[in-house]
Structure formats: structure tokens, C-alpha cells
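# please work out how this folds:
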Amino acid sequence: MLLPSNGYSRFFNTPKGVHCSNQLKQGGNSLASWIIRTAVKTVLEVPLGSRSLRVSSKGPDVIVIETQSLQGRKEEHSLVSPGSYLIGNTTVDYQKGTDRQTLRTQGPLGADYIIKVKYAAPRDTMVQFLFYQPIRYQWRETDFFPCSVTCGGGYQLNSAECTDIRSSQVLPEHHCNSYPENTKPTPKLKECNMDLCPESDGFIEVMPYDHFQPLPRWEQGPWTECSVSCGESGGLQERSVVCVEDDAHGHITQVEEWKCTHSPRPITQQSCNSFTCPQWVAMEWSQVSYQVKTSNQRLLIA
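The predicted structure follows:
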């Protein structure tokens with residue numbers, strides 16, 4: 001496993017855009033193989049920046065590499081003779097045996113690689129691959145938000161947003177959360193507008209904000225009733241969570257949530273009543289008791 005500091009994570013996954021009618025997957029989650037019986041077939045796409053790419057094929061078909069640069073320039077290379085090739089600004093080593101081909105490069109790739117195979121004979125070709133994919137989405141700290149007050153001592157917070165490294169586009173947070181080593185930065189807090197406020201009604205605000213007025217905080221409402229009374233999978237109960245601020249007179253006001261990001265947001269859902277429901281159970285019948293009556297005697301049978 002590569003260290004998180006170098007910005008790479010190990011990648012074993014089904015390649016994008018592969019649709020084979022005769023697809024055979026082998027080798028668990030670390031190896032993917034395909035039986036290919038079409039004229040030209042895309043096997044996998046390897047993104048720019050990937051490292052330690054290894055592709056091996058067993059069969060008669062020819063390996064073809066299509067590259068696409070960030071500027072959109074496309075090139076196609078058919079690998080026939082063994083040797084080293086410069087493909088997409090990356091040196092690639094290609095070896096070919098009687099019925100096996102191997103493609104290796106340490107990378108990082110200077111372009112997107114699209115690995116294909118070109119039909120050469122009426123026999124199956126099996127392709128296996130392994131590579132390390134670069135982390136594409138990373139957290140980026142934002143600028144500080146406006147100061148909480150115009151004078152008298154306030155605070156400023158920043159946050160972090162999930163961005164696509166290649167396009168700098170801001171994306172939903174779940175893209176960054178897919179990498180365990182990609183931890184969201186803790187918001188930073190700093191003082192601002194520490195100048196004294198001008199006199200107003202004979203009163204001067206002179207105390208720093210963090211003494212004069214507490215930081216905004218999360219406030220939770222009560223939990224709702226559980227959605228189910230019992231059951232192995234349980235139910236859910238919810239509560240409201242809002243960011244509030246106390247003013248100098250003790251009045252509580254709901255404010256924007258970013259003002260509370262200096263502390264973790266409490267959960268709004270939790271599981272409940274996850275136990276087996278009681279149920280009726282039929283027991284064995286007891287023996288029947290009855291009496292047999294004769295002319296002079298009474299016999300009790302049980």
C-alpha cells in the first residue's frame with residue numbers, strides 16, 4: 001500500500017465502459033480478466049498520473065494504447081515489436097512471447113491511457129491488469145469567511161471544500177470521503193476587527209468577542225419516537241440540529257451553519273429498537289381429563 005502522503009491509493013476495480021457479452025471475471029478483487037471475442041475492445045481506462053501499471057495478455061490479439069492529453073489530443077499506438085516506447089510522455093516497456101504479451105511502466109502516466117485489444121485470430125485472449133490510481137479528489141481550504149462583527153473583537157472561520165484536482169471544480173463531499181487517507185481539514189478560527197467600537201448611547205464595547213460573547217454552538221432538539229417498536233433491523237429516530245448564537249443579553253438566535261463548523265455537528269439520526277419482536281408460541285396440548293360413569297361406580301381417567 002502506498003503511503004497517503006504521496007497522494008496515491010491502491011486501485012483494484014472493474015474498468016469503466018467495459019461491456020463484453022463473453023465476460024469472465026477471475027481472481028477476486030485484486031485481479032480482473034476478460035475473455036474477449038470482438039474485433040477491437042476497450043479493456044480498461046487508466047487515468048493520468050497513475051503508477052506501476054502492469055498489463056499482461058494471453059492470446060493472439062494485439063494490444064493497442066490510445067492516449068488522451070489534458071488538452072484533448074489523442075494518439076493511438078499498436079504494440080507489435082518488443083521494446084521501449086514513449087507513449088503519452090511516458091516510457092513503456094513492452095515484451096512479447098509466443099502467446100503472451102506484457103506491458104509495464106512505473107509512471108506516472110503523462111496522459112489518460114485507454115487499453116484496447118485488436119482481434120488477430122479466432123482464439124480467446126485473456127487480459128489481466130494492475131495499477132495504482134492517483135487520488136483525484138482532495139480537500140481544499142477556503143478563504144476565511146467575513147468577520148462576525150464589524151468592531152469590538154470578533155472571529156473568522158474558514159472551511160474546506162472537495163475539489164477535482166484536474167479541473168479545480170468543487171464537488172459534493174462524498175467524492176473526497178471515498179479515500180480513507182483523505183481527511184477533511186479542521187476549520188481554522190482567528191480573531192478579527194479588534195478595534196474598539198465607536199461610542200453609542202454612552203456605552204463602549206471594549207471586551208474581546210470571545211469574552212464578551214460565546215462562540216456559536218450546535219443546539220439539538222429532542223429525539224422523535226422510533227419508527228418501529230421492534231425488529232431485528234430496528235428503526236430510526238431523528239432530531240433537529242441547528243447552529244445558534246447567544247447575544248450579549250442572553251437571547252438565542254439561529255445563525256448560518258458555517259459559524260458552528262469549529263466543532264463537530266451532532267448526529268441527526270440514530271437506530272433504535274433493534275431487538276426481536278415478541279411473538280406467540282404454541283405449546284403442547286395437555287392430556288384430556290374425562291369421567292366414565294358405571295351403574296354403581298365413577299371412574300376418573302386422566
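# what segments of this protein are helices?
174-177, 209-212 (DSSP state H).
# looking at the ones you listed, which has the lowest confidence?
In terms of mean pLDDT, the lowest-scoring of the helices of the chain is helix 209-212 (a mean of 42).
# how much space separates residue 194 from residue 150?
According to CB to CB, to the nearest Å, residue 194 stands 11 Å off from residue 150. Using the backbone N, CA and C atoms, a C-beta is placed for each residue, glycine as well.
# residue 85 too?
Shown here: residue 85 relative to residue 150, a distance of 64 Å by CB to CB.
# what does residue 73 give?
To residue 150, residue 73 is 52 Å away according to CB to CB.
# with residue 109 instead?
52 Å.
# ok, those two, which is more surrounded?
A side-by-side neighbour count of residue 109 and residue 150, using other CB atoms under 10 Å, places residue 109 first with 23 against 11.
# surely the more buried one and residue 50 touch.
Yes: when contacts are counted by CB atoms under 8 Å, residue 109 is listed as touching residue 50 (5.0 Å).
# got phi/psi on residue 124?
When read as degrees, to the nearest 10, the backbone of residue 124 gives phi -70, psi 150.
# what about it, neighbour count?
There are 15 residues near residue 124, going by other CB under 10 Å.
# quick one: low-confidence ranges for the chain?
When residues are selected by pLDDT under 70, those of the chain lie in 1-38, 199-214, 248-249, 288-302.
# tell me the domain ranges of it?
Taking automatic domain parsing as the domain assignment, the ranges for the chain are 4-134, 136-212, 214-302.
# return the most buried member of those.
domain 4-134 (a mean of 16; mean count of other CB atoms under 10 Å).
# how far is that domain from where the chain is centred?
25 Å (CA atoms, centre = their mean, to the nearest Å).
# now do stretch 231-247
Chain-centre distance of stretch 231-247: 23 Å, with CA atoms, centre = their mean.
# which outside residues touch it?
213-214, 216-228, 252-257, 259-260, 265-277 (CB atoms under 8 Å, 6 or more residues apart in numbering).
# ok, 7 Å please
Residues outside stretch 231-247 that contact it (CB atoms under 7 Å, 6 or more residues apart in numbering): 213-214, 216-228, 252-257, 259-260, 265-266, 268-274, 276-277.
# likewise for stretch 257-271?
Residues from elsewhere that reach stretch 257-271, judged by CB under 7 Å, 6+ apart: 145, 157, 159, 187, 189, 215-218, 220, 234, 236-239, 241, 243, 245.
# list the ones among those that fall in strands.
157, 189, 217, 218, 220, 236, 237, 238, 241, 243, 245 (DSSP state E).
# so who does the fifth one touch?
Residue 220 makes contacts with 239, 241, 266, as judged by CB under 7 Å, 6+ apart.
# now do the second one
By CB under 7 Å, 6+ apart, the contact list for residue 189 reads 155, 157, 262.
# among the residues you listed, which one sits closest to residue 77?
residue 157 (50.8 Å; CB to CB).
# in this structure, which strand is the longest?
Longest strand in the chain, counting residues (DSSP E): strand 125-134.
# I figured residue 69 hits residue 111, correct?
Yes: the pair residue 69 / residue 111 is scored as a contact, 4.8 Å apart, by CB atoms under 7 Å.
# need the overlap of contacts for those two.
Contacts common to residue 69 and residue 111, judged by CB under 7 Å, 6+ apart, are residue 88.
# not counting sequence-adjacent ones, nearest residue to residue 252?
residue 244 (5.1 Å; CB to CB, 6 or more residues apart in numbering).
# in the sheet, which residues pair with that neighbour? Tell me.
Beta-bridge pairing for residue 244 (DSSP bridges): residue 217, residue 254.
# contacting residues around the closest residue to residue 118 other than its chain neighbours?
Spatial nearest neighbour of residue 118, excluding adjacent residues (CB to CB, 6+ apart): residue 62 at 4.4 Å. The contact partners of residue 62, by CB under 7 Å, 6+ apart, come to 78, 79, 80, 117, 118, 120.
# rerun at 10 Å
Applying CB atoms under 10 Å, 6 or more residues apart in numbering to residue 62 gives the contacts 40, 78, 79, 80, 96, 101, 116, 117, 118, 119, 120, 125.
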